[in-house]
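Trainee: sequence plus predicted model, see below.
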Amino acid sequence: MSTRPTTPGPTPSHRSPVLDRLRTPRGLTGAIGALLIIVVAVVGPTVWGSAADTTSVADRLAGASLAHPFGTDELGRDVFARVMVATRVSVLLTLGATAISVVGGVLLGAVATVLPRPLRRLVTALIDILLSFPWLLMALFFSVIWGASATGAMLAVGFAGVPTFARLTYTLASSLIGRDYVKAARIAGVGQAEVLVRHVMPNMLPPMLVNAAVSASGTLLAFAGLSFLGLGVQAPEYDWGRLLGLGIARIYGNPMAAIGPGIALVVCGVIFTQLGELWNESSKRLLGLPAPARRRTAAPATASAAAATPADQEPVVQVRDLRVAFPDRDGRLVERVHGISLTIMPGEVVGVVGESGSGKSVSAMAIAALLGPDSSVQASELSFRGIDMTAPLTKAERSRLGLELAMVFQDPLTSLNPSLTIGKQLRETVEVHEGLSAAESTKRAEAALESVRIPLPAKRLKQFPHELSGGMRQRAMIGMGLMGRPKLLIADEPTTALDVTVQRQVLRVLHEAQEQTGAAILLISHDIALVSGFCDRILVMKDGRIVESLDADRLHEARHPYTRGLIACVPDMTSDRTMPLPVIGAIDEEPLPVPELVEGPITTEGQRA
Amino acid sequence: MTIPSTVTTEQATDPATGPGGPAVARRGGRGVLGGLSPRTSFILRRLGRVLVSLAIVIVATFLIVQLVPGDPVRAALGNSATPELVERTRADLGLNVPVPEQFVNYVSGLFRGDFGTAIGSQRPVADTIAQRFPVTLTLAVASFLLAAIGAFPIGVATAVSSRTGRRRLADLGVSGLLGVLIAIPSLLLAVGLIAVFSIGLKVLPAAGWGGFDQAILPVVALAVGPMAYLARIVHVEMLAVLEMPYMTTARSKRLPTHLVYLRHALPNMVTSTLTIGGIILTGMVAGTVLIETVFAIPGLGTSIVSSITSKDYPMIQGIVLVYAILVLGLNLLIDIALATIDPRSSITEG
């Protein structure tokens, strides 16, 4: 739920998912609760029936006591016993109404799916219109027609739920019908109705069950509401809703007579919901999972940032023994970057290549101090132009970083904010850190867009990211980095999401930006051909280590078998086209090492020795 | 032009007024809407949908009397009523003419603001509605405002806090509390509030309407559940937004924290939150029925319940219609707000 690790984590246990979930507190309460409801519903009237019906004038309207936990009613009957007895009626009516909703909804949704197009649109439009009305309003409407009775209320609540399940069925069925195996069945000549019954319906079952269980909880309450209003179960019968209504009528005398049935309703409702979530795989994403503790350990004292005022011949980036770890699913820290060191000089263009999961992006994000709060970053030195990036940043340091360190990410559509205009996003850095006025920053933004070859900059500034093409967005992103006084531009796979012709454009703009500003560039890519043409120096990363560092023009001197494998993978004009392309795994003899475990489960905030 | 023909022509000529299924092409640019801006045509299509919905609601409320098993007039007056009284009432209600004529009379009455006459009180239904509607509207709007104002800070704060991973115990406590508050229905919360504040502490009245103190418990009872639900939605949406690459971009600019959250995160979660907020709001409109009954508030809710019990069909028809119009109007407002706040929603949706 927090930071998505950029490297794949180890796969968890292979036990059955249902059993796994039964082991969780949520699963256990769901299972035990369901059992409890069933037992009380079955034996309730037998066990508490006589107590619930025995009238006693002496005990009438008694308050809560040990003998009568919820007090007694106006005929001296024990309210607690009546609540227990009412379990059966309440649960049965709820299940009945839920069944009506599900069956009616599935039928309507399935019919809508197989109808010819114009009719289908009509039916789905009708379903959507019905959906826009609250459930209780629909139930009230239907209960007018069927009258104030238990059956009438069951039909009313049940029918009020039909549109929900009709929509769900229609949506699920429509998506399933588009699947390949269903298409295959149709091509094989299977009729539409048969496709629906044989291939579509069975796959709809799990999500339907989840929704039925969750909606049962709502149904229970809707039912209680109707009975409370006097529109559901009628005297002398009683369910929780009616007991609640009776209790509220004399709440000043004995509040427990109202609170008692209320407790029963809440407990039962929670159990239904738990049952639903027990089946719901996505429940993991809901609120309540503990977030991993923040761990950013400061660098050891030996590696203090050297110079307070960086001279231009000082390195832009100085990294020594950088280690980055993330917690896995069990909360144990797993190291992904194993002590890399690198130096970037002013104006230098450094490329980092490696396959996905090699730790290149994570390292870059660590250098920029932009990793999520659950990560653990350690280094004997990690500095950007004299700023210690492992320590908390001062306000002045933040301003310098905002102006001097710029980022370009892989997908320009998601790395630009969709709700803000391009102009707003370009201008804010200098407005915040340099205190520029809107007019001044707009002027600078226009210049920035011009220098990344975006025509009509004034117009583009007023547009939103979705109104620009992919290449233009990425150039705008680079332009954003030119707004301040860039000393380092970290470009993380800046061309991967773009098509080939646009890639060249973006690279040229990046190159021009480097020439104009003299900023250093850290270019991350999996494409060694691209990097070698663009960079001064290349670092090759594999499994969280830098395995080779060499100048771009001496690539052919690479020693490490992995680097040679990467180079061999790139076909050129002289490649023998009758031979299969080499596979890196075949060259690389070493088996993939399991990520090493750093320490035990995270307990509290703290530092590792 | 009569209403039924309106329904058929609108549905036949412009099916896009309905939201359609996933298979339905959603882009604008058809027929009369072709030359308009996406936002205007989006709002026009939604308006069309509301009109179709309204037509369906009018037909449905008209059908109430026709669908009731047996003789509705006899049911309303009871078995002791004389046949003469039944016949006279039938004539008063206009039920002694053929059904199509009844429908025309019903619809033309509605357009004149005539909702018929209540069987019980013999007063015009419109008078009762005019008197009680403001009460229900006040209750619903006050509760929604409370829910919305409370939900955003809670949801945003818990999301930010659980992401940074500090104060884990407090996070768990808040999320647990939200879960409990979501699970407690307003009806039961009302009971609990009365037990504590009216009976136990004797600080707030348990019934009635008019004074500020009388409004506190009903509004709180109606607002707390939706507030907790909305807060959880805000929390989940916020967490999702915080994980987006553009939030990393914003952080890379080293903006002050409040700018990162307010300028970069908040606008991106408004669309989904507002959509769900709309559903919650319309649900609250219906929730007023229960709350009004618990607190004996003289709104539409108490009125429709007593009308259903006494089978006063003209009253039921009128009040159901008002509720439906309220729900449709709120949906339209939400759609317009969405199209205004988020320029993308009018392009990507309906």
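Mentor: Cool, the structure landed. Numbers count the residues shown, from 1 in each chain, chains lettered A, B, ... in the order given.
Trainee: from now on I want contacts and neighbour counts done on CA atoms only, so please keep to that.
Mentor: Will do.
Trainee: just the CA atoms of the helix or strand containing A:Arg444, as CSV, please.
Mentor: Under the criterion of DSSP states H and E, A:Arg444 resides in helix A:438-451. Extracted C-alpha coordinates of helix A:438-451, given in CSV (Å, rounded to 0.1, in the frame of the first residue of the first chain):
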residue,chain,number,x,y,z
ALA,A,438,3.8,35.3,-12.2
ALA,A,439,4.8,37.5,-15.1
GLU,A,440,8.5,36.9,-14.7
SER,A,441,8.1,33.1,-14.3
THR,A,442,5.8,33.0,-17.3
LYS,A,443,8.4,34.7,-19.4
ARG,A,444,11.0,32.2,-18.2
ALA,A,445,8.7,29.3,-18.9
GLU,A,446,8.1,30.5,-22.4
ALA,A,447,11.9,30.6,-23.0
ALA,A,448,12.3,27.2,-21.5
LEU,A,449,9.6,25.7,-23.8
GLU,A,450,11.3,27.4,-26.8
SER,A,451,14.7,26.0,-25.9
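Trainee: and the residue of chain B found nearest chain A, how many neighbours?
Mentor: Across chain B, the shortest distance to chain A (C-alpha to the nearest C-alpha) belongs to B:Tyr246, at 3.9 Å. Taking other C-alpha atoms under 10 Å in any protein chain shown as the criterion, the count of residues near B:Tyr246 is 22.
Trainee: re the thing from before, any buried residues in the helix holding A:Arg444, and which?
Mentor: Residues of helix A:438-451 classed as buried: A:Ser441, A:Thr442, A:Arg444, A:Ala445, A:Glu446, A:Ala447, A:Ala448, A:Leu449, A:Glu450, A:Ser451 (neighbour count, 16 or more other C-alpha atoms under 10 Å in any protein chain shown).
Trainee: return the distance of the fourth one relative to chain B.
Mentor: Here A:Ala445 is placed at a distance of 15 Å from chain B (C-alpha to the nearest C-alpha, to the nearest Å).
Trainee: the stretch 351-500 of chain A against chain B: which residues are in contact?
Mentor: Taking C-alpha under 8 Å from any C-alpha of the partner chain as the measure of proximity, the stretch 351-500 of chain A contacts chain B at A:368, A:370, A:373-374, A:398-399, A:401-403, A:405-407, A:409, A:414-420, A:429, A:432.
Trainee: returning to what we had before: pLDDT added to the buried residues of helix A:438-451, as CSV?
Mentor: Converted to CSV, the buried residues of helix A:438-451 look like this (pLDDT from 0 to 100):
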residue, pLDDT
A:Ser441, 91
A:Thr442, 92
A:Arg444, 91
A:Ala445, 91
A:Glu446, 92
A:Ala447, 90
A:Ala448, 89
A:Leu449, 90
A:Glu450, 89
A:Ser451, 86
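Trainee: may I ask which two of these are separated the most?
Mentor: A:Ser441 and A:Ser451 (15.1 Å; C-alpha to C-alpha).
Trainee: picking that back up, for the helix holding A:Arg444, packing partners?
Mentor: helix A:422-433, helix A:457-461, helix A:470-481 (3 or more C-alpha pairs under 8 Å, 6 or more residues apart in numbering or on different chains; DSSP states H and E).
Trainee: neighbours of the closest residue to A:Phe464 other than its chain neighbours, how many?
Mentor: Once flanking residues are discounted, A:Phe464 sits nearest to A:Thr421: 4.4 Å by C-alpha to C-alpha, 6 or more residues apart in numbering or on different chains. Here the number of neighbours of A:Thr421 (other C-alpha under 10 Å) works out to 18.
Trainee: so for A:Thr421, what's the pLDDT?
Mentor: As predicted, A:Thr421 sits at a pLDDT of 88.
Trainee: how about whichever strand or helix holds B:Val52: buried residues?
Mentor: Using DSSP H and E, B:Val52 sits within helix B:38-67. Judged by neighbour count (16+ other C-alpha under 10 Å), helix B:38-67 contains these buried residues: B:38-39, B:41-62, B:64-65.
Trainee: for the residue nearest to A:Phe464, grab phi and psi.
Mentor: phi -70, psi 160 (degrees, to the nearest 10).
Trainee: list the contacts for it?
Mentor: By C-alpha atoms under 8 Å, 6 or more residues apart in numbering or on different chains, the contact set of A:Thr421 is A:Leu461, A:Lys462, A:Gln463, A:Phe464, A:Pro465.
Trainee: picking that back up, quick one: contacts of the helix holding A:Arg444?
Mentor: Contact partners of helix A:438-451, identified using C-alpha under 8 Å, 6+ apart, comprise A:423, A:426-427, A:430-431, A:455, A:457-458, A:461, A:475-476, A:479-480, A:482-483, A:513.
Trainee: one step back: can you tell me which of the residues of the stretch 351-500 of chain A next to chain B are in strands?
Mentor: A:Leu405, A:Ala406, A:Met407 (DSSP state E).
Trainee: give me the element the nearest residue to B:Ser53 once chain neighbours are set aside is part of.
Mentor: Using C-alpha to C-alpha, 6+ apart and skipping the chain neighbours, the partner closest in space to B:Ser53 is A:Ile129 (6.1 Å). Element membership of A:Ile129, judged by DSSP H and E, is helix A:117-131.
Trainee: what is that helix packed up against?
Mentor: helix A:79-114, helix A:162-177.
Trainee: which among these is found nearest to chain B?
Mentor: That would be helix A:162-177 among the helices and strands packed on helix A:117-131, by C-alpha to the nearest C-alpha, at 7.4 Å.
Trainee: look at A:Pro236 and tell me its secondary structure.
Mentor: coil (DSSP: H, G, I helix; E, B strand; the rest coil).
Trainee: kindly report the same for B:Ser121.
Mentor: Here B:Ser121 is recorded as coil under three-state DSSP.
Trainee: burial count for it?
Mentor: Neighbour count for B:Ser121, taken as other C-alpha under 10 Å: 11.
Trainee: same thing with A:Pro202?
Mentor: Neighbours of A:Pro202 using other C-alpha under 10 Å come to 10.
Trainee: what do you get for A:Val114?
Mentor: Applying other C-alpha under 10 Å, we find 16 residues neighbouring A:Val114.
Trainee: isn't there a helix covering A:Val547?
Mentor: No - going by three-state DSSP, the assignment for A:Val547 is strand, not a helix.
Trainee: any idea which helix or strand of chain A has the worst average confidence?
Mentor: One helix or strand of chain A scores below all others by mean pLDDT, DSSP states H and E: strand A:295-296, with a mean of 38.
Trainee: list of residues touching the following helix or strand past that strand?
Mentor: Following strand A:295-296 in sequence order, the next helix or strand is strand A:317-327 (DSSP H and E). Contacts to strand A:317-327, defined as C-alpha under 8 Å, 6+ apart, come from residues A:5, A:292, A:332-345, A:362-363, A:366-367, A:374-385.
Trainee: how about the buried residues of helix A:438-451 in JSON lines, adding distance to A:Leu523?
Mentor: Listed next are the buried residues of helix A:438-451 as JSON lines, based on distance: C-alpha to C-alpha, whole Å:
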{"residue": "A:Ser441", "distance to A:Leu523": "28"}
{"residue": "A:Thr442", "distance to A:Leu523": "28"}
{"residue": "A:Arg444", "distance to A:Leu523": "25"}
{"residue": "A:Ala445", "distance to A:Leu523": "24"}
{"residue": "A:Glu446", "distance to A:Leu523": "25"}
{"residue": "A:Ala447", "distance to A:Leu523": "24"}
{"residue": "A:Ala448", "distance to A:Leu523": "20"}
{"residue": "A:Leu449", "distance to A:Leu523": "21"}
{"residue": "A:Glu450", "distance to A:Leu523": "23"}
{"residue": "A:Ser451", "distance to A:Leu523": "20"}
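Trainee: for chain B, which helix is longest?
Mentor: Counting residues, the longest helix found in chain B (DSSP state H) is helix B:125-164.
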